[in-house]
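# Model the structure of this input:
(one chain, ligands or ions: 1)
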Amino acid sequence: MDLPDYAIEAKGLVKTYAATKTTPEMRALKGLDLAIPRGSIFGLLGPNGAGKSTFINILAGLCRKSAGTVTIWGRDIDERPRDARAAIGVVPQEIAADPFFTPAESLEVAAGMYAVPKAERRTAELLKALGLADKANAYVRQLSGGMKRRLMVAKAMVHNPPVLILDEPTAGVDVELRRQLWAYVLELNRKGVTIVLTTHYLEEAQELCDQIAIINRGQVVACEPTTTLLSRMDTRKVLVTPESPVTAAPALAGFETALTPAGGFSVSYRTGQSSVEHVLAAINAAGVHIKDISTEDPDLEDVFVSLTYAAEQKADA
Ligand code: ADP
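You can find the predicted model right below:
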C-alpha cells in the first residue's frame, strides 16, 4: 500500500460551538488548513483558546467539525471514520485512568476496544517502554501522576497507530518525567511514528519538533520548519527611560521605535544586524539623555502578535 505524504491533512476546517444560555456562539476553528508530513514531529503551538484541543478532538472523533475536510493517514474522517481513527493514538490533556484497573488490565481493555487480537497485544512491551513494568499489577490509583501520564501514552499506542498525538503532554509534569517522555517520543519517531504535539511552550516545541504550526484564533498563522520560525525571533527590544519624559518616540535611523507609558520609549533591533551598543549610540546621537534602560527578549506572545498581524495584513491586501 502506498503511504500517504501527509499523516494528517485538514482543509478549510471549521468548528462552531453552539451558543448556550450562558455563552455566546464560539467559532473555535475558522477555516484551518494544515498538512502534517508523514514521519515528522510536528508542533501545534498557540496561546490558550487558539483552537488546538478542538482540532485534536475532531481528529480523535470526540468533537464534530462544522465544515471542511480532514484525512488521517489518507483516510477521510467522514467517509472512513473507523479506519481514520485506527491510524491515530491520542494522549489527552487530562489524566483519565480507571482507578480500578491495574496498568496491565488497563492496556488490555484499551487493546480490546481497538479489537487488537490477543496474540498481537503488546502490553508487557509497552509497560516496559514507559518504565511501568514493575507497576504492571498495581492499582492505577496507587500510581504517581507521572506514572499515570505514562500509562496514558501506553494506552494511546496499544493498536500500534502510525500517528501519535499528544495534547499538552508536559503541562504540570516534572523535568525528569518530561525527559523520559521525550526520549520515548523520539524513539517512536525514529521507528517511523509521526508525532503531533500541542503545547504553549515554545521551548518544548523548539526542542522536539522539526516543524511548527502556530495557531491563533482558529487559524494557522505560520507553518514552517522550526529553524525558520526561530530565526524570526531574533528581535530584541531596549526599553529607555529618558531623563525628561518624551511625548513622541525619537526617530532613530535603522531602528523601530515606539512610545511606552510614562514618557519612555522602546527601540527594537535584530540581533543578527545590530546590538545594544549601536542602539545606545543612536539614542545618544539623537540628543536623548538616558536615565535608565532595560532589555526585553521576545516571547511567544510577540511572535503571535506579529505573525497574526502579518496574516491579517495579507488577508486585507
Ligand atoms: P486551545 O486548546 O488552543 O487552548 P480550545 O480548542 O480548547 O483551544 O478552545 C478554542 C475556543 O473554543 C476557546 O475560545 C474555547 O473557550 C472554546 N471552546 C472549547 N471547547 C468548547 C466547548 N465544548 N463549548 C464551547 N466553547 C468551547
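# can we go C-alpha only for contacts and neighbour counts from here?
Will do.
# Let me know the helix or strand that Leu197 is in.
Here Leu197 sits within strand 194-199, counting by DSSP states H and E.
# Repeat that for Thr69.
Assessed by DSSP H and E, Thr69 sits inside strand 67-72.
# buried stuff in that strand?
69-72 (16 or more other Cα atoms under 10 Å).
# now swap in stretch 124-139 and tell me
Judged by neighbour count (16+ other Cα under 10 Å), stretch 124-139 contains these buried residues: 126-127, 130, 132-133, 135-136, 138-139.
# likewise stretch 38-48?
Within stretch 38-48, the residues that qualify as buried by neighbour count (16+ other Cα under 10 Å) are 38-47.
# quick one: which of these is nearest Thr199?
Leu45 (5.4 Å; Cα to Cα).
# For the residue lying closest to Ala251 once chain neighbours are set aside, name its beta-bridge partners.
Take Ala251 and drop its neighbours on the chain: the residue closest to it by Cα to Cα, 6 or more residues apart in numbering is Thr257, 6.7 Å away. Under DSSP bridges, the beta-bridge partners of Thr257 are Val267.
# Please tell me how far Thr257 sits from Val279.
Applying Cα to Cα, to the nearest Å, one obtains 11 Å for the distance of Thr257 from Val279.
# anything in contact with each of the two?
Among the neighbours of Thr257, those also in contact with Val279 (Cα atoms under 8 Å, 6 or more residues apart in numbering) are Val267.
# quick revisit: could you give the number of residues near the residue nearest to Ala251?
By other Cα atoms under 10 Å, the residues close to Thr257 number 20.
# now swap in the one 3 residues further on and tell me
Counted with other Cα under 10 Å, the neighbours of Thr260 add up to 16.
# Was I right to think Asp33 contacts Ile8?
No. The pair Asp33 and Ile8 fails to qualify as a contact (Cα atoms under 8 Å) at a distance of 10.6 Å.
# Comparing those two, which residue is more hemmed in?
The residue with more neighbours, out of Asp33 and Ile8 and counting by other Cα under 10 Å, is Ile8; that gives 25 against 19.
# Those residues of the stretch 51-200 of the chain touching the ligand, which are they?
The interface of the stretch 51-200 of the chain toward the ligand, taken as Cα under 6 Å from any ligand atom, is made up of 51-54.
# can you map out the helices along this structure?
With DSSP state H applied, the chain shows helices at 52-59, 81-86, 103-113, 123-129, 145-156, 175-190, 202-208, 226-231, 276-285, 300-316, listed in chain order.
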